[in-house]
Structure formats: structure tokens, C-alpha cells
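Colleague: got a predicted model here, sequence first, then my questions.
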Amino acid sequence: MEINAVFEGGGVKGISLAGAVEATERAGWTFKRVAGASSGSIVATLLAAGYEGEEMCRIIQGTSFSSFLKRGPIYNTAIVGPALRVLLKKGLYSGEALESWIRALLLKKGIITFRDLPAGKLSIIASDITNGRILVLPDGLEQYGISPEHFEVAKAVRMSCSIPYFFDPVMLRLNGQAARAKSFAEQFVYIVDGGLLSNFPLWLFDGKINGSKQLGSRIPTVGYQTVGKTDPQPHKIRGPFSMLQAMVTTMLSAHDEKFIEGDKFVRTVKIPTLGIGTTQFEITKAQSDELYGAGLKAGEDFFKEWRPR
């Protein structure tokens with residue numbers, strides 16, 4: 001039995017998505033096409049590469065997510081250092097450590113570029129903030145004059161996970177016809193976290209986007225969504241950085257809520273995230289295990305009741 005799957009972004013909370021994947025596989029379902037934004041793109045990518053839920057569990061247990069928070073010593077000076085880095089680099093951390101991590105995992109499965117995956121298997125959502133539009137990778141790269149099949153999958157994941165002001169944006173340079181008649185500066189676009197424009201792209205397999213073909217083709221689509229945000233916590237604003245964090249968290253969590261009402265709700269696995277925050281990268285092993293367990297239980301409960309329509 002096959003399903004298409006769409007995974008919501010949520011930073012560290014994405015650990016719970018891996019637990020839901022294991023529950024899905026235990027229920028006898030396999031994944032035909034997968035998509036995700038932000039941390040959801042990590043889970044979707046690992047699935048597309050051939051990883052199973054149990055393997056993801058072992059990967060999570062062996063990963064220190066705080067190791068993704070890399071920056072040069074000069075930027076670690078209290079107050080001034082982080083502010084200087086955001087001013088110069090447009091992010092508190094580079095995102096290179098996260099990209100290297102996913103690249104190594106993909107290489108173990110023989111995956112480097114989208115050419116190494118079945119056509120249409122994986123879709124990753126990113127946000128083009130230069131042009132103010134959703135970028136669906138890899139196919140959407142054609143409008144930038146970039147070959148989709150030769151684009152590195154790990155780079156696409158990093159783009160989708162580049163939480164604004166937290167990780168550096170990724171720059172793309174236009175090629176060919178897309179760059180014609182543009183100045184050197186105009187040939188570069190900034191790409192950030194897919195969750196900024198669509199954190200839960202459940203629409204992706206239901207119709208067309210930018211004129212592309214419908215991807216779903218009668219296979220039911222199931223969404224996987226973290227729901228810790230349904231019990232919102234007030235943000236304490238103490239200065240410009242806490243204000244930016246509050247703004248970004250709100251943007252990443254609010255705008256897709258209305259879309260999942262009605263029939264969309266009944267095909268969505270709702271996963272409680274136990275109060276863990278999106279950027280809480282210094283998570284303990286116990287918290288990581290609890291998140292995974294929450295996803296596992298949510299998936300088990302869902303597939304006991306759900307039937308495709």
C-alpha cells in the first residue's frame with residue numbers, strides 16, 4: 001500500500017516526524033513520493049534516499065544537534081559578535097555543518113544530486129525572498145537557469161532549513177537566459193527556510209504549482225504535522241534579537257493553519273511536540289527520545305483509524 005507524504009517543518013521538533021515514519025511503516029504503508037519544508041525536508045530526503053524509520057531513530061540518537069551551531073571565534077564575543085555576524089553574513093550560524101551532515105548520510109546511500117533519485121520522488125520547499133515566491137526543488141530551479149537533475153540534494157536541504165536570521169541564507173546565481181540583461185548584483189537571489197512561505201505544503205500533491213504536472217495521481221496523500229504550536233506560548237521581547245526570533249517563529253507556525261481544516265485535517269498525523277522549541281538545538285537525549293516516541297504513538301493512533309478516500 002502506497003501513500004504520498006508531506007512533512008511539516010519545525011526545526012528540532014522534526015525529530016518527532018521520524019517516529020511517525022516508523023509507525024507508518026509498521027502499519028504496512030510505503031512512501032511513493034515525499035515532500036517537506038525545513039526540518040520536514042530532512043525526513044523526506046532521508047526517506048527518498050532509502051532510509052527507514054528505525055535507521056532514522058539510530059541517526060537521531062547518534063547526532064548532537066548543537067553541533068550544527070557553528071561560527072568563527074570572532075563572532076562568539078558576547079552581544080557584539082552575534083550582531084556583527086548577522087550584519088555581515090545575515091545569520092547567526094552558517095548552516096554548513098547541517099549541510100555536511102545530510103551530505104554524509106546521503107553519500108552512504110549513493111545519493112549526491114537529484115539525478116540519483118527517481119524522477120518526482122522528492123520535492124523540497126524553499127523560499128526565494130529576493131523575488132518573494134515559493135521555490136519547489138528541484139524542478140523550480142529551471143526558472144533560474146539551473147539544471148534540476150545536477151543540483152546537489154544536500155544543498156537543497158540546507159536551503160529549506162535556513163531559518164531566517166538563525167542560519168545564513170543560501171545564494172543562487174542565475175544562469176543563461178535567466179541572467180540575461182541583468183547586472184552582476186541582480187544575478188544573485190537569496191533562498192531561505194521553506195517554512196517562511198509554506199511550512200506544511202500539503203497542497204503539493206493535490207494539484208499544480210507554477211504550471212507543473214500534478215504529482216499525486218490517485219495515490220492518497222498523508223500530512224505529518226507537529227502540533228506543539230497549537231498551545232502558543234508568549235514570546236518575551238528583550239531586544240532586537242529576541243524580537244526577530246519571535247517574528248520568525250510566528251511566521252513559521254501560523255500561516256498554514258487554515259489550510260488544514262476540513263478534509264485536510266482527517267489526513268494529517270498530528271504529533272505533539274512536548275513544549276520543545278523550533279530552535280532548541282541543545283536538546284537532551286531524553287527530550288530527543290520523548291519526541292521520537294511522541295511521533296511513533298501519533299502515527300500508530302492515526303493509522304489505526306485512517307482509511308484512504
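Modeller: It's in. The structure displayed is predicted, hence computed values, not measured ones. Residues are numbered from 1 along each chain as shown.
Colleague: which element is the residue of the chain most remote from its centre on?
Modeller: Of all residues in the chain, A181 sits farthest from the chain's C-alpha centroid, using CA atoms, centre = their mean; the distance is 33.5 Å. Assigned by DSSP states H and E, A181 belongs to neither a helix nor a strand.
Colleague: do you know how far it is from Q187?
Modeller: Distance, A181 to Q187, by CB to CB, to the nearest Å: 10 Å. Backbone N, C-alpha and C define where each C-beta goes, glycine included.
Colleague: what do you get for V136?
Modeller: Computed as CB to CB, the V136 to Q187 distance reads 21 Å.
Colleague: which of those two has more neighbours?
Modeller: Shown here are V136 and Q187; by other CB atoms under 10 Å, V136 has more neighbours (21 against 17).
Colleague: beta-bridge partners for the more buried one, please?
Modeller: Beta bridges link V136 to I125 when assigned by DSSP bridges.
Colleague: and the gap between it and E52?
Modeller: According to CB to CB, V136 stands 25 Å off from E52.
Colleague: check contacts around the residue lying closest to S288 once chain neighbours are set aside.
Modeller: Leaving aside its chain neighbours, S288 sits nearest to I15 (5.6 Å; criterion: CB to CB, 6 or more residues apart in numbering). Contact analysis of I15 by CB atoms under 8 Å, 6 or more residues apart in numbering lists 60, 283, 288, 291-292, 295.
Colleague: run the last query once more with 6 Å
Modeller: By CB atoms under 6 Å, 6 or more residues apart in numbering, I15 lies in contact with 60, 288, 291-292.
Colleague: got it, and R173?
Modeller: Applying CB under 6 Å, 6+ apart, one finds that R173 lies in contact with 187-188.
Colleague: ok, now how distant is it from Q187?
Modeller: Per CB to CB, R173 is found 5 Å from Q187.
Colleague: surely Q225 is within a strand?
Modeller: Yes. Judged by DSSP: H, G, I helix; E, B strand; the rest coil, Q225 forms part of a strand.
Colleague: I figured it hits F7, correct?
Modeller: No. Counting by CB atoms under 6 Å, Q225 does not reach F7; the two are 8.4 Å apart.
Colleague: these two: who's more crowded?
Modeller: Between Q225 and F7, F7 has the larger neighbour count (other CB under 10 Å), namely 33 against 29.
Colleague: for that one, phi and psi?
Modeller: phi -110, psi 130 (degrees, to the nearest 10).
Colleague: how close does it get to P272?
Modeller: Using CB to CB, F7 is found at 16 Å from P272.
Colleague: same question for stretch 137-147, mean pLDDT?
Modeller: Mean pLDDT, stretch 137-147: 96.
Colleague: export only the CA atoms of that stretch, formatted as CSV.
Modeller: C-alpha atoms of stretch 137-147 as CSV (Å, rounded to 0.1, in the frame of the first residue of the first chain):
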residue,chain,number,x,y,z
LEU,A,137,13.1,22.0,-5.6
PRO,A,138,14.3,20.5,-7.9
ASP,A,139,12.0,21.4,-10.8
GLY,A,140,11.7,25.1,-9.8
LEU,A,141,15.4,25.6,-10.4
GLU,A,142,14.8,25.7,-14.2
GLN,A,143,13.5,29.3,-13.9
TYR,A,144,16.9,30.3,-12.5
GLY,A,145,18.7,28.7,-15.4
ILE,A,146,20.0,25.9,-13.2
SER,A,147,19.8,22.2,-14.1
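Colleague: helix or strand: which one has the residue nearest to S288?
Modeller: Using DSSP H and E, I15 falls in helix 15-26.
Colleague: which residues of the chain fall in strands?
Modeller: 2-7, 30-37, 91-93, 122-128, 133-137, 165-167, 170-173, 188-193, 221-226, 268-271 (DSSP state E).
Colleague: show me what the last one is packed up against.
Modeller: Under the contact criterion of 3 or more CB pairs under 6 Å, 6 or more residues apart in numbering; DSSP states H and E, strand 268-271 touches helix 15-26, strand 221-226, helix 285-305.
Colleague: the shortest one pairs with which strands, parallel or anti?
Modeller: Its sheet considered, strand 221-226 pairs with strand 2-7 (parallel), strand 268-271 (parallel) by DSSP bridges.
Colleague: select, out of those, the one closest to P148.
Modeller: In terms of CB to CB, the element of those nearest to P148 is strand 2-7, at 19.3 Å.
Colleague: mind listing what's buried along the closest one?
Modeller: Judged by neighbour count (16 or more other CB atoms under 10 Å), strand 2-7 contains these buried residues: 3-7.
Colleague: put the alpha carbons of that strand into PDB.
Modeller: Extracted in PDB, the C-alpha atoms of strand 2-7 (Å, rounded to 0.1, in the frame of the first residue of the first chain):
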ATOM      1  CA  GLU A   2       1.400   3.400  -1.100                       C
ATOM      2  CA  ILE A   3       1.000   6.900   0.100                       C
ATOM      3  CA  ASN A   4       2.500  10.300  -0.800                       C
ATOM      4  CA  ALA A   5       3.700  12.100   2.300                       C
ATOM      5  CA  VAL A   6       4.200  15.700   3.200                       C
ATOM      6  CA  PHE A   7       6.300  16.700   6.300                       C
END
